[in-house]
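K.L.:
Any chance you can model this:
(one chain, ligands or ions: 2)
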Amino acid sequence: MPFITRFAPSPTGPLHLGHAYSAMLAHDRAMENGGDFLLRIEDIDRSRAKPEWEKQIYEDLKWLGIWWPQPVLRQYEHLDQYKAVLKSLWGGDLIYPCTCTRRDIQNALSAPQEGSEMPIGPDGPVYPGTCRQFSGVIAPDPMPDSVMRLNMRAAIAEIVNAPYSEPITFVESGGGQKETIEVSPEEAIEHIGDIVLARKDMGTSYHLSVIFDDMTQGVTEVVRGADLFEATKIHVILQRLLQIPTPTYHHHKLIRDVTGKRLAKRDDARAISKYRADGASPADIREMVGL
Ligand code: GLU
Ligand code: ZN
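P.N.:
Ligands and ions are numbered 1, 2, ... in the order given. The predicted model follows:
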């Protein structure tokens, strides 16, 4: 069984210590297991992705001693494939267009409803379902003003009612021992809800592209920060819906600054390039992140 990990940064800012940790950990795990480490550039967000950041990612990773095979998969070159995946889900009532603004969603969620609280899902407040009535009614053709949402109820029903259906689970290897995490139908419907599968500006979404690419690249273990643990549940649901394999997931600790705050891309002071310019060595970086 091959062992393939990947590092999938978005070229929207400098890599910081947290990215270095994620990349080195994925690379280490591939080497320890006699496997392969792949690099993927997640550049579908055209308003934020910049070629200079991509160039810097390559430089920083090389400096850290990480090697990856060519060619690198760049998501923007595969938009037609994501579109085809989206289309394969069309028909029936799995996907629907939604024109709600952020404000519409907030208003619908704050309307008084008996016994209801406002659950927060992996992507923010759980969508209240205003446009769900359009499931299976309106065609998926590119509609400039709408996003495409997954009808989570319909998705779960399809998964649960499939012949020989098993519970929705994934194997977590981040805690040392392997652990099976289950996503219950109730959690999917109430706490994840109708997530956006295609944004209007890109015709796809992080969730859709990431699971498709992990599949096409044959990734067997996804190494990523614990901040994506909830998003992984979306990915596992989508894999089941599309009948593609679910890799193992290795969620790792987040690297925090001295105040305990998680590092963000805008924390340029923590950029790898800055440490490098200040004379740090890759071994120093390893030590700083606890590798
Ligand atoms: N492009 C995402 C990021 O930079 C990828 C995370 C992942 O799927 O592991 O956070
Ligand atoms: Zn809507």
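
K.L.:
Quick check: residues of the stretch 151-291 of the chain near ligand 1?
P.N.:
210, 224, 228 (C-beta under 6 Å from any ligand atom). C-beta: built from backbone N, CA, C; applies to glycine.

K.L.:
Those residues in helices, which ones?
P.N.:
Judged by DSSP state H, these include Val210 as members of helices.

K.L.:
Format the residues of the stretch 151-291 of the chain next to ligand 1 as CSV; extra columns: pLDDT and neighbour count.
P.N.:
Formatted as CSV, those follow (pLDDT from 0 to 100; neighbours: other C-beta atoms under 10 Å):
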residue, pLDDT, neighbour count
Val210, 98, 26
Arg224, 98, 21
Leu228, 97, 18
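
K.L.:
Out of the residues of the stretch 151-291 of the chain next to ligand 1, which is nearest to ligand 2?
P.N.:
Distance to ligand 2 across these (C-beta to the ion) is lowest for Val210, with 23.5 Å.

K.L.:
residues in contact with the closest one?
P.N.:
Residues near Val210 by C-beta atoms under 8 Å, 6 or more residues apart in numbering: 8, 42, 235.

K.L.:
swap the cut-off to 7 Å and go again
P.N.:
The contact partners of Val210, by C-beta atoms under 7 Å, 6 or more residues apart in numbering, come to 8, 235.

K.L.:
Run the chain-centre distance for stretch 272-284.
P.N.:
28 Å (C-alpha atoms, centre = their mean, to the nearest Å).

K.L.:
any residues touching it, and which ones?
P.N.:
Contacts of stretch 272-284 (C-beta under 7 Å, 6+ apart): 14-16, 20, 56, 60, 63-65, 268, 285.

K.L.:
Now do the helices in the stretch 1-150 of the chain.
P.N.:
Listed in chain order, the helices of the stretch 1-150 of the chain (DSSP state H, counting those that start in this stretch) span 17-32, 51-63, 79-88, 102-110.

K.L.:
Nearest to ligand 1, out of the ones you listed?
P.N.:
helix 17-32 (7.6 Å; C-beta to the nearest ligand atom).

K.L.:
Not counting its neighbours along the chain, what's nearest Arg286?
P.N.:
Once flanking residues are discounted, Arg286 sits nearest to Met24: 6.7 Å by C-beta to C-beta, 6 or more residues apart in numbering.

K.L.:
Kindly report the same for Glu190.
P.N.:
Nearest to Glu190 is Pro119, by C-beta to C-beta, 6+ apart, at 6.2 Å.

K.L.:
Report the contact partners of that neighbour.
P.N.:
Per C-beta under 7 Å, 6+ apart, neighbours of Pro119: 126, 190-191.

K.L.:
Please apply the same query to Glu54.
P.N.:
11, 41, 43.
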